[in-house]
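A.B. asks: what's the 3D shape of this:
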Amino acid sequence: MHIEPTVTGRVVVVGGGQAGADFVAALRMAGHHGPVTLVGEEPGHPYARPPLSKAYLSGQATAEDLHIRPPAMYEQQGIDLRTGTRVTAIDRAAGQVVLADGERLPYGHLVLATGGRARRLPVPGLDDAPNVHYLRTLADVTAMRPGFVPGARLVVVGGGYVGLEVAAVARQLGLDVTVLEALPRVLARVTAPQVSAFYQRVHAEEGVDIRVDTAVTGFAFAPDGSVAAVELKSGERIDTDIVLVGIGLVPATELAEQAGLAVDNGIVVDEHCRTEDPAVLAIGDCTSHPCGEHGGRRRLESVPNASEQARTAAATVTGSLQPYTAVPWFWSDQYDVKLQTTGLSTGHDDVVVRGSTETGRSFAAFYLKDGQVRAADVIGSPRDFTAARKLVAARARVVPEALRDLSVPLKQLL
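C.D. replies: Numbering: from 1, shown residues only. I've put the predicted structure just below:
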């Protein structure tokens, strides 16, 4: 079956997060003037998620501050925005999606921007505990934030970005914070040991009790159903008032699977964001897409990836194919420390550190493979990050000693 590109056909988007909101805006900019419907399960206008664990949790940003696009944009651009609405099925044969109330929306092109959900701990009674929280939605943070008061005890299960960002906000608000990580170091899946050691030092300096190589074996419940303590394999119990579980994200692929589309740690798409059904595209955190830098496939959880795929999909729908080839990048804010990452460190065979991880709060770690710069973690230096992005994009071959030498500006290595 061949589906023609269109600037007039009906487009339905499932998912009201970053990818979905950026897609409808990009679609209009690409010249599409046909009907567009954006269906999102959450109430309210599409909002940015990164501030949830930072500015919104700390009270420095309001829900309105998080809007990805001004709410008036949807009406101005003729976008039929359906919030608080769930899609229950895709009828590919009929070219329709089915809503929870039974309504059917026809489509010429369907774009799945379903994102993901926080991974749960499979512990009986835990999901019903009023003081146990996960962080993925505005509602999650709204429910959690009242407990963030000076002197409250917070236990964070998981030493990834979300857990550490929440730990940082909690300390700044005066909470007593313990982070429990099952692996030998925090951020073990995404950074080098030197970067992990730096973050463990920074959090310790800020008063966070970080426990690595620490397995959680259970939870002690109070009579009201809340968690009173977290139980460790060592036999220790850590008393707590609040628990945050931050152990990763599960891509929302159920609709695609039920519709018979290929799924492999995400909805399988090509470099133009097309699934095996030419009428159905997928973008954002829920996708498994080709990895140009390393071969094979990858799934990325990042705003830049969602935005770039949104533009790629808009081009595909309107017939001006532009393959997704952007070098991935990410960021994390903890205390006064900004981490910016470019590229993927997968398969590196050398790590070169520029600056000191043991003093101060500014340095860079470069990941090399066969002498080429494949990725970099840049802490506290936006100017170095700009140069690092160029080095990674060019797959530059750089002598490690030159990377280490602080007297040599990175831009001279390009």
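A.B. asks: what are the ranges of the helices in the stretch 151-300 of the chain?
C.D. replies: Under the criterion DSSP state H, counting those that start in this stretch, helices of the stretch 151-300 of the chain are mapped to 161-172, 193-205, 254-258.
A.B. asks: any idea which of those helices is most buried?
C.D. replies: Greatest average neighbour count among the helices of the stretch 151-300 of the chain goes to helix 161-172 (a mean of 24), per mean count of other CB atoms under 10 Å. All C-beta spots, glycine's among them, are computed from the backbone N, C-alpha and C.
A.B. asks: Please give the centre-to-centre distance between it and its chain.
C.D. replies: 16 Å (CA atoms, centre = their mean, to the nearest Å).
A.B. asks: Kindly report the same for stretch 234-244.
C.D. replies: 27 Å.
A.B. asks: and what of stretch 34-41?
C.D. replies: 23 Å.
A.B. asks: again, but for stretch 258-276
C.D. replies: 19 Å.
A.B. asks: One more: stretch 322-341?
C.D. replies: 10 Å.
A.B. asks: what's the first-to-last distance across that stretch?
C.D. replies: Criterion CA to CA, to the nearest Å; first-to-last residue distance in stretch 322-341 is 24 Å.
A.B. asks: again with stretch 83-92
C.D. replies: 23 Å.
A.B. asks: Just the buried residues of it, please?
C.D. replies: Thr85, Val87, Ile90, Arg92 (16 or more other CB atoms under 10 Å).
A.B. asks: Keep only those of the residues you listed that are in strands.
C.D. replies: Residues of these located in strands (DSSP state E): Val87, Ile90.
A.B. asks: Can you tell me which of the buried residues of stretch 83-92 lies closest to Arg119?
C.D. replies: Val87 (22.1 Å; CB to CB).
A.B. asks: Just the pLDDT at the closest one, thanks.
C.D. replies: Listed pLDDT for Val87 reads 98.
A.B. asks: OK, contacts around it?
C.D. replies: By CB atoms under 8 Å, 6 or more residues apart in numbering, the residues touching Val87 are Val14, Val39, Val97, Val98, Leu99, Ala100, Leu255.
A.B. asks: Narrow those to those in helices?
C.D. replies: Here DSSP state H is the test, and the contacts of Val87 give Leu255 as lying in helices.
A.B. asks: Of the contacts of Val87, grab the buried ones for PyMOL.
C.D. replies: Here is the PyMOL command that selects the buried residues among the contacts of Val87 (16+ other CB under 10 Å):
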select buried, resi 14+39+97+98+99+255
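A.B. asks: Narrow the contacts of Val87 to those in strands?
C.D. replies: Those of these lying in strands (DSSP E): Val14, Val39, Val97, Val98, Leu99.
A.B. asks: Contacts only, for the residue most central in space within the chain.
C.D. replies: For the chain, the residue nearest the mean C-alpha position is Glu301 (3.6 Å; CA atoms, centre = their mean). Counting by CB under 8 Å, 6+ apart, Glu301 touches Gly116, Leu249, Asp285.
A.B. asks: same deal with Arg82?
C.D. replies: By CB under 8 Å, 6+ apart, the neighbours of Arg82 are Thr37, Leu38, Val39, Gly40, Leu99.
A.B. asks: for Arg10, same thing?
C.D. replies: Contacts of Arg10 by CB under 8 Å, 6+ apart are Gly34, Pro35, Val36, Thr37, Pro106, Tyr107, Gly108, His109.
A.B. asks: I'd say the third one and Thr8 touch.
C.D. replies: In this case it means Val36. No - the pair Val36 / Thr8 is not scored as a contact, 11.0 Å apart, by CB atoms under 8 Å.
A.B. asks: In terms of packing, which of these two has more residues around it?
C.D. replies: Legend: neighbour count by other CB atoms under 10 Å for Val36 and Thr8, higher for Val36 (24 against 9).
A.B. asks: The closest residue to Phe330 other than its chain neighbours and Phe385, how far apart?
C.D. replies: Once flanking residues are discounted, Phe330 sits nearest to Thr341: 4.5 Å by CB to CB, 6 or more residues apart in numbering. Look at Thr341 and Phe385: by CB to CB, to the nearest Å, they are 9 Å apart.
A.B. asks: what's the answer for Gln60, then?
C.D. replies: For Gln60 relative to Phe385 (CB to CB), the value is 23 Å.
A.B. asks: higher neighbour count, those two?
C.D. replies: Neighbour totals were compared for Gln60 and Phe385, and Phe385 leads with 23 against 11 (other CB under 10 Å).
A.B. asks: Which element, helix or strand, includes the more buried one?
C.D. replies: According to DSSP states H and E, Phe385 maps onto helix 382-393.
A.B. asks: contacts for that helix?
C.D. replies: 327, 329, 338, 340, 342-343, 354, 364, 366, 373-376, 378, 396, 398, 409-411, 413-414.
A.B. asks: Now, these that are in helices?
C.D. replies: Per DSSP H, the contacts of helix 382-393 never map to helices.
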